[in-house]
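In: Predicted model and sequence below, questions to follow.
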Amino acid sequence: MLVEKVTEEVAEEVAELAAATRRLMLAAATTHVEAHELRTARARMDELTATLGRRTRPRALRAPFDAPGRAREVGPEVAWPVFRFNPQALPLAIRFDGDAAYATTVPNALYEGPPESVHGGYLAHLMDCMLGTLVQATGRRSVTGTLDLRYHARTPLDVPLELGARIVSTSGRKTSAEAWVEVDGARTVEARGLFIELQEISWATS
């Protein structure tokens, strides 16, 4: 089910288009073709932009708020795809195991900060995504209050990053949780977040 009333066929095509756009973004960032080929590609991209822009919605498609919670109820066998409709955002397939969550991703050249290393801001995004989605899966409509990170070591590009998160405690409207990034079993980043449950809010989260 989607918040916006679109058919499942349209939803799947939007997700596939977003994935294709990510591939195009990587190709555009790393291409080494001749200038005339770049001009031709740019013209074709402008044509596609015009075609897709003839009818637009005000925001990217989003899934229902309770969708991660339903995946959490099933258990680790079902992965929840985060941000599958938005090519700019980070796509992650998050699996839930009670009060913990796990995912794997391979960052490419689009996310480079220091040479051959993942940008620290991208790593912060990963941590907030893991923590926020885990809290969302518990059914608590919360926003990030604080997010503290410790960078232990360089996080390399083009290798699998093992992501984890777990809820530490819940008190009133506050949920404390921690997350981490591991490469070959060694933690390169650790994070701790405080999430504040909002009252009287209606929203949908991807």
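Out: Right, received. Where do you want to start?

In: residues contacting the residue sitting nearest the centre point of the chain?
Out: For the chain, the residue sitting closest to the mean C-alpha position, by CA atoms, centre = their mean, is Leu90 at 3.2 Å. Neighbouring residues of Leu90 by CB atoms under 8 Å, 6 or more residues apart in numbering: 82-83, 105, 122, 125-126, 129. Backbone N, C-alpha and C define where each C-beta goes, glycine included.

In: Read off the pLDDT value for the residue of the chain most remote from its centre.
Out: Within the chain, His36 marks the point farthest from the mean C-alpha position, 35.0 Å out by CA atoms, centre = their mean. What the model reports as pLDDT for His36 is 98.

In: cool, and the one 5 residues further on?
Out: Taken from the predicted model, the pLDDT recorded for Ala41 is 98.

In: Could you confirm it falls within a strand?
Out: No. Using DSSP: H, G, I helix; E, B strand; the rest coil, the assignment for Ala41 is helix, not a strand.

In: ok, how many other residues are close to it?
Out: Using other CB atoms under 10 Å, Ala41 is surrounded by 15 other residues.

In: Could you check how far it is from Glu47?
Out: Distance check for Ala41 against Glu47: by CB to CB, to the nearest Å, it reads 11 Å.

In: Same question for Val6.
Out: Separation of Val6 from Glu47 (CB to CB) stands at 24 Å.

In: higher neighbour count, those two?
Out: Neighbours per residue, other CB under 10 Å: of Val6 and Glu47, the larger number sits with Val6, 15 against 10.

In: Name the SS class of the residue nearest to that one when sequence neighbours are not counted, please.
Out: Excluding its sequence neighbours, the residue lying closest to Val6 (CB to CB, 6 or more residues apart in numbering) is Leu61, at 6.9 Å. At Leu61 the chain is in coil, as set by three-state DSSP.

In: Any of the contacts of Leu90 buried? List them.
Out: 82-83, 105, 122, 126, 129 (16 or more other CB atoms under 10 Å).

In: before we move on, the earlier item: how deep is the residue nearest to Val6 tucked in, by neighbour count?
Out: Neighbour tally, Leu61, other CB under 10 Å: 19.

In: in stretch 13-33, what counts as buried?
Out: Within stretch 13-33, the residues that count as buried by 16+ other CB under 10 Å are 14-15, 18, 22.

In: Give the rounded mean pLDDT of that stretch.
Out: 97.

In: Can I get that stretch in PDB? Just the C-alpha atoms.
Out: Extracted as PDB, the C-alpha positions of stretch 13-33 are listed here (Å, rounded to 0.1, in the frame of the first residue of the first chain):
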ATOM      1  CA  GLU A  13       8.100   1.400 -12.400                       C
ATOM      2  CA  VAL A  14       8.900   4.500 -10.200                       C
ATOM      3  CA  ALA A  15      11.300   2.300  -8.100                       C
ATOM      4  CA  GLU A  16      13.000   1.000 -11.200                       C
ATOM      5  CA  LEU A  17      13.300   4.500 -12.600                       C
ATOM      6  CA  ALA A  18      14.900   5.600  -9.400                       C
ATOM      7  CA  ALA A  19      17.400   2.700  -9.500                       C
ATOM      8  CA  ALA A  20      18.200   3.500 -13.200                       C
ATOM      9  CA  THR A  21      18.700   7.200 -12.200                       C
ATOM     10  CA  ARG A  22      21.300   6.200  -9.600                       C
ATOM     11  CA  ARG A  23      23.100   4.200 -12.200                       C
ATOM     12  CA  LEU A  24      23.100   7.200 -14.500                       C
ATOM     13  CA  MET A  25      24.400   9.500 -11.700                       C
ATOM     14  CA  LEU A  26      27.300   7.200 -11.200                       C
ATOM     15  CA  ALA A  27      28.000   7.000 -14.900                       C
ATOM     16  CA  ALA A  28      27.800  10.800 -15.200                       C
ATOM     17  CA  ALA A  29      30.200  11.300 -12.300                       C
ATOM     18  CA  THR A  30      32.800   8.800 -13.600                       C
ATOM     19  CA  THR A  31      32.500   8.900 -17.400                       C
ATOM     20  CA  HIS A  32      35.600   9.400 -19.500                       C
ATOM     21  CA  VAL A  33      34.100   9.700 -23.000                       C
END
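
In: Understood, closing this out.
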